[in-house]
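Colleague: Okay, here's the prediction I keep looking at, along with the sequence it came from:
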Amino acid sequence: NFWSDYLYVSKSWSYLATYIFNLILASLTAKVAQGIVFTCYGGTVTKFGMVLAGGFLPRFYIDREAMWQLQRSKQLWTLATPVIVRPVLFVWSILLWYFHRETGTQLSNYALLLAHASFIDFLLDASPLWPSDGYVWTTAYFRLPPDLFQRSFLIWQMLLNRRPLPK
């Protein structure tokens, strides 16, 4: 079953390297898909690169500045693409694992690790509680200010330090 295969794969030494590779693959797939959708809507991707999240985890990014110039529906679909791609990658990986589970090859194990990595990546990236793709989409959908997160953090910091709030 799923958990016994997952525990079997997690015992190998290459598990961590494979898992980090899968996180990179999930991030790359999501951002390339976002760039494709943005280009199909008439935009031009000016920046595409990689940063280290937390100082060690490679994450891909594309410049979002031009996305704010799109019509509202195109803008929302473009911003939602990375959040949508990760569960799709999860489902494809689970299906690949399921159909190749009994073949005796390592493909099912790698698909299982990719499914887990894309699910975790989805949970982290879809959250509207910190600056991520889910946060950006939420602020665009509800027409909130883009710096809402920074403002909220500043307010909490002022309350915790018992400083008066600005008018």
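Modeller: Now that the structure is in, tell me what you want to look at.

Colleague: R151: neighbour count?
Modeller: The criterion is other C-beta atoms under 10 Å. On that basis, R151 has 11 neighbouring residues. Just so you know, the C-beta spots here come from the backbone N, C-alpha and C atoms, and that holds for glycine as well.

Colleague: For it, what is the enclosing helix or strand?
Modeller: Element membership of R151, judged by DSSP states H and E, is helix 148-160.

Colleague: what residue lies at the spatial centre of this structure?
Modeller: For the chain, the residue nearest the mean C-alpha position is D125 (3.9 Å; C-alpha atoms, centre = their mean).

Colleague: My guess is it contacts S132. True?
Modeller: Yes: contact criterion C-beta atoms under 8 Å: D125 and S132 qualify, at 4.8 Å.

Colleague: Next one: S118, what pLDDT does it get?
Modeller: Reading off the confidence values, S118 has pLDDT 95.

Colleague: so how far is the strand or helix carrying it from its chain's centroid?
Modeller: Take DSSP H and E as the rule and S118 turns out to sit in helix 107-125. Its chain's average C-alpha position is 11 Å from that of helix 107-125, according to C-alpha atoms, centre = their mean, to the nearest Å.

Colleague: list the helices and strands whichever helix or strand comes after that helix packs on?
Modeller: Once the chain leaves helix 107-125, the next helix or strand it forms, by DSSP H and E, is helix 133-141. Applying 3 or more C-beta pairs under 8 Å, 6 or more residues apart in numbering; DSSP states H and E, we find helix 133-141 packed against helix 72-100.

Colleague: and R162, how many neighbours does it have?
Modeller: Counted by other C-beta under 10 Å, the residues lying close to R162 total 6.

Colleague: and if you look at A30?
Modeller: By other C-beta under 10 Å, neighbour count at A30 equals 26.

Colleague: List the single closest residue to it in space, sequence neighbours excluded.
Modeller: P82 (3.7 Å; C-beta to C-beta, 6 or more residues apart in numbering).

Colleague: count of neighbours near that neighbour?
Modeller: Neighbours of P82 under the rule other C-beta under 10 Å: 29.

Colleague: contacting residues around it?
Modeller: For P82, the residues meeting the contact criterion (C-beta atoms under 8 Å, 6 or more residues apart in numbering) are A30, K31, A33, Q34, D125, D133.
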